[in-house]
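Asker: Pasting the sequence and the predicted model now:
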Amino acid sequence: MTTFKSTHHTVRKMVIKLGGSTLEGLNEAFFRNFKALQEQGIQLIITHGGGPAINRELAAANIKSQVVNGLRVTNEEMIGIVQSTLIGKVNPALVHELNAAGINSVGLNGFDQTLLESEFLDYETYKYVGKVKNVNVKLLNTLTESGIVPVIACIGATKDGHALNINGDTVASEIALAVGADRLLLVTDVAGIRIKDKFQTEATPNLIKQWIDEGDIYGGMIPKVQGALNCLQSGIPSVQIVNEILTGTTILSEELVK
Ligand SMILES: Nc1ncnc2c1ncn2[C@@H]1O[C@H](COP(=O)(O)OP(=O)(O)O)[C@@H](O)[C@H]1O
Ligand SMILES: CC(=O)N[C@@H](CCC(=O)OP(=O)(O)O)C(=O)O
């Protein structure tokens, strides 16, 4: 587990991002611990990715994709597949699992009450990839204050109704910032940042910059650490990159909610 900064504080709002790599392996302990956090009065928001599911659907359509700085270059042909996979398949499957475990959840994406108002990030380089301009915090507050967990797919919506592909880690950090979360948890398939075969327990902005420059952090880890830094620099007390599956440990342990 890589902790960017750890202070003892009371957590009231927490954003948990479930990487596509983790979605098929959520276990009973995850749901149990999630409920324990809710019972302590912590308001929870889930965001998710779905990279592996998107890869499968693109392969089935014989489309190859390219990743630049950890972001999938998404052309016009691909955005429809990304949108239908995340909103039509990955999101309802996760919402079903949560509801079946007794966690009241609703599935959302950027179009719902303009939850994620977005713009093109850089059309030349990434095509239909977005950046978040505004988050509908009121909608999220209404749900969380009613004990409902918003489960958000990482699709943004432009003012004129285009769907844009946004990396799941970016959405998670933007939402954490917008709602003023006390903690952001990025759940993935590795137990934190690994540099030359050693997991880093702590990371600083300077080290991260160096690790990216030297190629020790690459691919999907880039938007993760960038999102984490963005949150820390804007005052979110703690961001952690954790792995639920490989370590078999309880990720939502009591230590996290002190
Ligand atoms: N320094 C690093 N430490 C750990 N993982 C890294 C590092 N650099 C790149 N990665 C890659 O990032 C992956 C996690 O990102 P990603 O595949 O996007 O996961 P998720 O679907 O959970 O968002 C790891 O499985 C690993 O292949
Ligand atoms: C722009 C961009 O890179 N979008 C991501 C969205 C899904 C995602 O982030 O999934 P993970 O959480 O599994 O990485 C993609 O197309 O793969």
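Answerer: Thanks, I have the structure now. Ligands and ions are numbered 1, 2, ... in the order given.

Asker: ok, now which residue in the chain is the farthest from the centroid?
Answerer: Relative to the mean C-alpha coordinate of the chain, counting by C-alpha atoms, centre = their mean, the farthest residue is N62 (27.0 Å).

Asker: give me the element I152 is part of.
Answerer: Using DSSP states H and E, I152 falls within strand 149-153.

Asker: if you look at the following helix or strand past that strand, does any of it touch ligand 2?
Answerer: Moving toward the C-terminus from strand 149-153, the next helix or strand (DSSP H and E) is strand 155-157. No - applying C-beta under 6 Å from any ligand atom, one finds strand 155-157 separated from ligand 2 by no less than 8.5 Å. Every residue, glycine included, has its C-beta placed from N, CA and C.

Asker: In this structure C231 contacts I241, no?
Answerer: No - when contacts are counted by C-beta atoms under 8 Å, C231 is not listed as touching I241 (11.9 Å).

Asker: re the thing from before, what helices and strands are in contact with the strand holding I152?
Answerer: Counting by 3 or more C-beta pairs under 8 Å, 6 or more residues apart in numbering; DSSP states H and E, the packing neighbours recorded for strand 149-153 are strand 43-48, helix 91-100, strand 105-108, helix 137-145.

Asker: What parts of the stretch 51-200 of the chain come near ligand 1?
Answerer: Counting by C-beta under 6 Å from any ligand atom, the stretch 51-200 of the chain sits next to ligand 1 at 51, 168, 188-190, 193-195.

Asker: do that again at 5 Å, thanks
Answerer: Along the stretch 51-200 of the chain, the residues adjacent to ligand 1 under the rule C-beta under 5 Å from any ligand atom are 51, 188-190, 193-194.

Asker: out of the residues you listed, which touch ligand 2?
Answerer: G51.

Asker: Reformat the residues of the stretch 51-200 of the chain next to ligand 1 as CSV; add distance to A157.
Answerer: Shown next, in CSV, are those (distance: C-beta to C-beta, whole Å):
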residue, distance to A157
G51, 21
T188, 26
D189, 29
V190, 31
I193, 32
R194, 35
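
Asker: So which of the residues of the stretch 51-200 of the chain next to ligand 1 are in helices?
Answerer: In helices, defined here by DSSP state H, the members of these are G51.

Asker: With pLDDT and neighbour count added, can I get the residues of the stretch 51-200 of the chain next to ligand 1 in CSV?
Answerer: Formatted as CSV, these follow (pLDDT from 0 to 100; neighbours: other C-beta atoms under 10 Å):
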residue, pLDDT, neighbour count
G51, 97, 20
T188, 90, 24
D189, 88, 15
V190, 87, 20
I193, 90, 24
R194, 91, 14
